[in-house]
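> coords below, sequence missing:
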């Protein structure tokens, strides 16, 4: 009887603690990752529409804010290594243009579903680190971007190279696997120049990737500035598993 009473008391304490736990706010029925994706997507859209130079934007922002009991964002602020107290973090300060852009994008988003505790809406504070797709913005702003077989190299070149790479017994039998990362250049005349191997688990595997890159000569159209072809760097990454 005594053991039963102890177990019932412990269960009551556990249930009471569970009832007091705060359920975080939801954004479009999902968690904070959905909010971050929507915010950065809206910021990207605005940057392109307003033709904000990518060079004026920071690739990372850290923000803090409170979702109030009505689902509204309150106390929106940017955090960095110049802040004081609890707002101080390791991040470099975002540029003013970045802060303006992200804050404007915030105004285009929907409200949150507030956090709840004991069945009632409560305020909840978030601290989030987000990455602004600066490289993607820069690429989309270029009037004449780098092309491979008439399309975006991130899609067309990757698909073209994937079917030509020979990842066979030479590598599989030795357990060679991992990321190969190569930087190369498309010259103004469309030729390909190998820059450097930035990462590779195996020298022979890197040579296989370079072989395919060299074979892509003649399929590239270099980036143009005011109609003049430019030497253009491209980094190719592929993970062998």
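Done, it's in. Values in this document were obtained by computation on a predicted structure and should not be read as measured data.
> Tell me the predicted confidence for the residue nearest in space to the middle of the chain.
Residue closest to the mean C-alpha point of the chain, counted by Cα atoms, centre = their mean, is residue 131 at 5.3 Å. At residue 131, the pLDDT value in this model is 96.
> Isn't it up against residue 57?
No - with contact defined as Cβ atoms under 8 Å, residue 131 does not reach residue 57; the gap is 11.2 Å. Bear in mind the C-beta positions are built from the backbone N, C-alpha and C, glycine included.
> With adjacent residues omitted, what lies nearest to residue 201?
Leaving out its chain neighbours, the residue that sits closest to residue 201 by Cβ to Cβ, 6 or more residues apart in numbering is residue 178, at 3.6 Å.
> can you give me the strands for this structure?
Counting by DSSP state E, the chain has strands at residues 60-67, 73-79, 115-117, 120-122, 124-131, 147-148, 178-186, 192-199, 220-221, 224-225, 228-229, 232-240.
> on contacts alone, who are the packing partners of the fifth one?
Applying 3 or more Cβ pairs under 8 Å, 6 or more residues apart in numbering; DSSP states H and E, one finds that strand 124-131 contacts helix 32-49, strand 60-67.
> Which among those is found nearest to residue 163?
Residue 163 sits nearest to helix 32-49 of all the helices and strands packed on strand 124-131, at 30.8 Å, using Cβ to Cβ.
> Packing partners of the closest one?
Judged by 3+ Cβ pairs under 8 Å, 6+ apart, helix 32-49 is in contact with helix 96-106, strand 124-131, helix 134-141.
> Format those as CSV; extra columns: distance to residue 152.
Shown next, in CSV, are the helices and strands packed on helix 32-49 (distance: least, Cβ to Cβ, whole Å):
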stretch, distance to residue 152
helix 96-106, 24
strand 124-131, 20
helix 134-141, 8
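> Looking at these, which one is packed in the most?
Comparing the helices and strands packed on helix 32-49 by mean neighbour count (mean count of other Cβ atoms under 10 Å), helix 96-106 comes out on top with a mean of 18.
> Now do it: everything it contacts.
Helix 96-106 has contacts (Cβ atoms under 8 Å, 6 or more residues apart in numbering) with 39-40, 42-43, 45-47, 52, 56-58, 61, 63, 73, 76, 78, 94, 132.
> Same question for stretch 128-137.
Contacts with stretch 128-137, where a contact means Cβ under 8 Å, 6+ apart, come from 32, 35-36, 39-40, 43-44, 47-48, 52, 54, 57-64, 91, 98, 102.
> One more: stretch 188-205?
Contacts for stretch 188-205 (Cβ under 8 Å, 6+ apart): 167, 170-171, 174, 176-187, 206, 209-210, 213-214, 216-218, 220-222, 228-231, 233, 235, 240.
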